[in-house]
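A.B. asks: Structural data only, the sequence is not supplied:
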């Protein structure tokens, strides 16, 4: 059987299992999965930047924009359709990323990271000081509809989860296609030697700008889905700790596969939930200790464990 066909079957089976989980798991677990998938989209954008050698501490900017689109559209436009909100939030985040990208694409390393952080903190300051945007409290998000269907109770949780699962799968497939395109193949080349890429006739600044835009659009989509799941938005969505959380998950997951961000995000949500439940006063220390252990023993993230298992049989055959 063709290897690509086998991989497609595995991913289809995994999606089927995840879809079934929405009907079989308790509601709290479905909510955690929903949140993990939505934030996994943000980490998916960081994967693209990370492979290029860029670390962004400002993805909360686009995440917050997507979330506030949901809140503002419902509050001022009485718009609650999840499909329209997802398209609108993603498009607005993409447009902001285009503008921000003109500046940040000129910088590298710590300058890129700090400049991206500065933009998210500017948005945080604006939200905190603006009463029309809810100030420090934010505001609740209305109940979403899905092409006219308005589920309630447990049905709402399941439908919202399936919607997030479908959007996450579409995002992962988009990034998978992008990484196999000419521009996608330049990610590691730009990280290793920008000068040689320029000699090939490719604009490195333009390529990085495109990656910033892609990552911003994914983060915006994640913000929309997160707001729909939680039902509330506030300025903390733009705060630096939110961006730090996304970077934490990127380190936890690794960048070896487009599935890794969602796996890492799910593990992070479980770890944070149980750490807060059993050690409510020291749960941050648990997360910090986990990060330290990962850096020491799994610098390439948890996905590297799966990669090693796949590589082991072929190594034995070669031997």
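C.D. replies: Happy to help now that I have it. Bear in mind the structure is a predicted one, so any value in this text is a computation, not a measurement. Numbers count the residues shown, from 1 in each chain.

A.B. asks: quick one: the strands in the stretch 51-200 of the chain?
C.D. replies: Here the stretch 51-200 of the chain has its strands, by DSSP state E, counting those that start in this stretch, at 139-140.

A.B. asks: Quick one: the helices in it, in order.
C.D. replies: For the stretch 51-200 of the chain, the helices defined by DSSP state H, counting those that start in this stretch occupy 60-77, 82-104, 109-129, 153-179, 182-192, 194-199.

A.B. asks: just these: most buried one?
C.D. replies: helix 60-77 (a mean of 25; mean count of other Cβ atoms under 10 Å). Every residue, glycine included, has its C-beta placed from N, CA and C.

A.B. asks: centre of the chain versus it, how much separation?
C.D. replies: 16 Å (Cα atoms, centre = their mean, to the nearest Å).

A.B. asks: Ok, stretch 290-308 next?
C.D. replies: With Cα atoms, centre = their mean, you get 19 Å for stretch 290-308.

A.B. asks: so where's this protein uncertain?
C.D. replies: Residue ranges of the chain with pLDDT under 70: 1-2, 4, 307-319.

A.B. asks: Please tell me how far the residue nearest the centre of the chain sits from residue 174.
C.D. replies: Most central in the chain under Cα atoms, centre = their mean is residue 42, positioned 1.6 Å from the mean C-alpha point. Note on residue 42: its distance to residue 174, by Cβ to Cβ, to the nearest Å, is 14 Å.

A.B. asks: Then residue 45?
C.D. replies: Distance from residue 45 to residue 174, by Cβ to Cβ: 11 Å.

A.B. asks: for residue 254, same thing?
C.D. replies: 20 Å.

A.B. asks: still on that earlier bit, how close does the residue nearest to the centre of the chain get to residue 285?
C.D. replies: 24 Å.

A.B. asks: same check, this time on residue 266
C.D. replies: Note on residue 266: its distance to residue 285, by Cβ to Cβ, is 22 Å.

A.B. asks: can you check residue 243 too?
C.D. replies: In terms of Cβ to Cβ, residue 243 sits 21 Å off from residue 285.

A.B. asks: again with residue 98
C.D. replies: Residue 98 is 40 Å from residue 285, where distance means Cβ to Cβ.

A.B. asks: cool, and residue 141?
C.D. replies: Taking Cβ to Cβ as the measure, residue 141 falls 32 Å from residue 285.

A.B. asks: In TSV: the helices of the stretch 51-200 of the chain, plus distance to residue 25.
C.D. replies: Shown next, in TSV, are those (distance: least, Cβ to Cβ, whole Å):
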stretch	distance to residue 25
helix 60-77	25
helix 82-104	21
helix 109-129	33
helix 153-179	9
helix 182-192	34
helix 194-199	46
